[in-house]
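Trainee: just coords:
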């Protein structure tokens, strides 16, 4: 296992800090034949838009694309639950031959009359791009007939990477913005972008801002509402988390509506506090906001500090591997883990940019492995080599970590408790402690020498 | 009320599936491919497909699921995916070095019209396939059939590519288990072994997707049908194919190709279906049923006699894949329960519908059957007149919660419970597990709903 063969083309996507020159090749298509952990354009659009709970989300394509994304993420809603249902035109062979526009039209008319959504998003899948259905025209016709915004999402799977899907989602959302009434919106107001309310995180973050005296006009898209998005151009500032997915929208809003944006992260005490202070600093003309912010930060940290210290005593010195979607999350995780005294020995992302990897490299200790678009063999190789005790990743990485006999935290779609904000940091620390200290690890074989690996099986030959 | 938007009024739908009870072909093909030892499933399409399929299978089995992709780009979608697949074959053998690459297509590559056999031949001619290694394929357009069709097509591909009459007739019996859990596959093999029968199973995902924890990550786990066994299926005495929709195509192909006769039976779920399976084995192999199996059968029968008083007349709604649903319907009827609402996601044809009607004809209630339906319809039926028990995959939990109905998880996918890949529901042992689950669900509800006054210790 220690010397798995690497494709030549992959060599420039794997680095060991300290080995110069550092010039990560990233943002490129995965190689054909790779067992990458990445997804497609449609996936990107779907995860971004799906939390908008009072919109209809219709997937135009064969059944699979709808089946695999049915309530996939646990984005919570305080009201309507329409987003939790799965609607598909379920294209069949004859539709592929004769076109699916009619079917799409009737499906939309039926669904809109049945469910009375505030808007409809129509996702194009691979096949729609090939058979050439004019989804835009159908959406326009249905929009005129029903009087609600019907928005095509150009998310044909093969037309790029997941990031292009984020972009397509942003473009669809953008066509809603500017259509609502902005009267009554305070000058001290923001939109929260790139926060999807997994485990109720958006509610927590929103409450911080409200306590600071700041109006939250819309959250995009966690617990999202169409009407909020329509009037989001009335906000003074866009606060963008998960920069990979929403920066495009923030840029467009800046360009068209002149709304500036800042990038933040809500993972870890340090980053959460920085986020709140940065927003307070933007509204510096009202010193009361900064005062309230200081108090909130103080109180919130006080509330969690003691237990965090307890946990730190138990987990410090452990070693973690992190492999996440966007690199921005990796930055926060490294800081949060460092706060707990945990060393990051492997850091990777599916979709990081050149600049992200530079920052990542600066943040990491010597000899840390840094990976772009890794496959399962590479991940397991370096986890073993670096003797990690903990893996932080998504659904496909979990069983790999468990097979290697180390703890795992989901920091992606499958987290069920809020990991954002102050309470989120405490939840995260508890989860880290819980998984690292599980008594099961005393029974599991760990770090077998490479000679035993492969014995009687065909691991990697 | 998570499905609060669902109304009682059932509207006619022609262009729309809501809350599907099926998914697309490729995931079934990927699952079948994992049932070949040392096989890397390969998705010939864009990257999202295989990411979703791997995620779906990982969530269901809680095991690492490997597969590769042709990673289609816009260019490939215009000019065809031959270059991608050739490069993929090259890369896969260089890096992951599987024994077999099992290529399945997607809606994208099917519509573009890529000719997979031609590409495989080119790869062979170009020397991209090392000696002793194989590339096989199945066409699995997502807009035809369902995940069961994909499973069936890939299972048939194993016959098309590997089976041959390459030696004298063996006393071996081929077992095609259908789209069932790895635990079910082991149980089916165990029953054959118990009868002293040498069998070849394909596909066989036991020890692939329910393997042990070893402290290392094995890309190719110990289980799976071996190539040499797949090749010698053509020499077997006969084939027992379980579950018509998933297994008939492969059994027929093997008969046509190697003159191996087959017997087509229901999935061995429940007492009678297992009897039929055991009897088919007995006749085909010319053996007697051993005492050990008679004891297992007797135990299941004994437990059913103990439980029948609780089962009588309970209305059940059932949704799932056709082969499972048919066998389970028959089993429920045989233990005196009333499967009154039956939905399959996959369209399985008129004959299949007739078989369900025949199985439920004596139920003294109106029985609603929709072959090729969805969960919205099932929910609407329930809103009009409720049931005592729900059986289906994890997605049924929305209905169970909203309507407050006891619920048993059964089928694919199960995303929120663990155990299905370790404990079978086929065979006599599997029957025991099923009736235990049913009774638990029914009596837990009785206890919960009892008032303090009529709450009883002994039921």
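Mentor: Sure thing, it's come through. What you see is a predicted model, and the numbers here were worked out from it, not measured in a lab.
Trainee: Domains of chain A: list them as residue ranges, please.
Mentor: Domain segmentation of chain A under automatic domain parsing yields A:8-34+A:305-442, A:41-174, A:189-298.
Trainee: ugh, typo on my part, it should be chain B
Mentor: When chain B is cut into domains by automatic domain parsing, you get B:25-161, B:173-292, B:301-449.
Trainee: most neighbours per residue, which of those domains?
Mentor: Greatest average neighbour count among those goes to domain B:25-161 (a mean of 24), per mean count of other C-beta atoms under 10 Å in any protein chain shown. C-beta coordinates here come from the backbone N, C-alpha and C atoms, glycine included.
Trainee: Ends of that one, what's the gap?
Mentor: From its first residue to its last, domain B:25-161 covers 19 Å (C-alpha to C-alpha, to the nearest Å).
Trainee: Off-centre distance for that domain?
Mentor: 19 Å (C-alpha atoms, centre = their mean, to the nearest Å).
Trainee: what about the stretch 151-300 of chain B, any weak spots by pLDDT?
Mentor: For the stretch 151-300 of chain B, applying pLDDT under 70 flags no range at all.
Trainee: Next, the residue of it found nearest chain A: phi, psi?
Mentor: Using C-beta to the nearest C-beta, the single residue of the stretch 151-300 of chain B nearest to chain A is residue B:215, 3.3 Å away. In terms of degrees, to the nearest 10, the main-chain angles of residue B:215 are phi 90, psi 0.
Trainee: Spatially nearest residue to it, not counting backbone neighbours?
Mentor: Setting aside the residues directly before and after it, residue B:215 is nearest to residue A:445 in space (C-beta to C-beta, 6 or more residues apart in numbering or on different chains), at 3.3 Å.
Trainee: now swap in residue B:17 and tell me
Mentor: Closest to residue B:17 by C-beta to C-beta, 6+ apart is residue A:90, at 4.0 Å.
Trainee: okay, now that neighbour: neighbour count?
Mentor: Per other C-beta atoms under 10 Å in any protein chain shown, the neighbour tally for residue A:90 reads 27.
Trainee: ok, it - contacts?
Mentor: For residue A:90, the contact set (C-beta atoms under 8 Å, 6 or more residues apart in numbering or on different chains) comprises A:62, A:63, A:66, B:16, B:17, B:20.
Trainee: The third one and residue A:139: what is the separation?
Mentor: What that stands for is residue A:66. 18 Å (C-beta to C-beta, to the nearest Å).
Trainee: Over to the fourth one?
Mentor: When distances are taken as C-beta to C-beta, residue B:16 and residue A:139 turn out to be 16 Å apart.
Trainee: Ok, residue A:49 next?
Mentor: 14 Å.
Trainee: can you map out the helices along the stretch 151-300 of chain B?
Mentor: B:182-194, B:227-232, B:244-258, B:271-285, B:291-311 (DSSP state H, counting those that start in this stretch).
Trainee: can you put those in CSV and add distance to residue B:77?
Mentor: Below are these laid out as CSV (distance: least, C-beta to C-beta, whole Å):
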stretch, distance to residue B:77
helix B:182-194, 35
helix B:227-232, 33
helix B:244-258, 29
helix B:271-285, 45
helix B:291-311, 53
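Trainee: Turn these into TSV, including distance to chain A.
Mentor: Shown next, in TSV, are the helices of the stretch 151-300 of chain B (distance: least, C-beta to the nearest C-beta, whole Å):
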stretch	distance to chain A
helix B:182-194	14
helix B:227-232	12
helix B:244-258	16
helix B:271-285	28
helix B:291-311	30
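Trainee: And for the residue in chain A that chain B sits nearest to, nearest residue in space, chain neighbours not counted?
Mentor: Chain A approaches chain B most closely through residue A:40 (2.5 Å), counting by C-beta to the nearest C-beta. Excluding its sequence neighbours, the residue lying closest to residue A:40 (C-beta to C-beta, 6+ apart) is residue B:48, at 2.5 Å.
Trainee: OK, contacts around that neighbour?
Mentor: A:39, A:40, A:41, A:42, A:43, A:65, A:126, A:157.
Trainee: doesn't residue A:129 make contact with the third one?
Mentor: What that stands for is residue A:41. No: judged on C-beta atoms under 8 Å, residue A:41 makes no contact with residue A:129 at a distance of 9.5 Å.
Trainee: Residue B:16 and residue A:139: which is more packed in?
Mentor: residue A:139 (24 against 21).
Trainee: tell me which element the more buried one is part of?
Mentor: helix A:135-146 (DSSP states H and E).
Trainee: Bridged to the closest residue to residue B:50 other than its chain neighbours, which residues?
Mentor: Excluding the flanking residues, the one nearest residue B:50 by C-beta to C-beta, 6+ apart is residue B:43, at 3.7 Å. Going by DSSP bridges, residue B:43 is paired in beta bridges with residue B:69, residue B:104.
Trainee: Could you measure from residue B:43 over to residue A:148?
Mentor: Relative to residue A:148, and taking C-beta to C-beta, residue B:43 is found at 36 Å.
Trainee: Same check on residue A:367?
Mentor: Counting by C-beta to C-beta, the gap from residue A:367 to residue A:148 is 56 Å.
Trainee: Look at these two and report which has more neighbours.
Mentor: Ranked by neighbour count (other C-beta under 10 Å), residue A:367 and residue A:148 place residue A:148 first, with 18 against 11.
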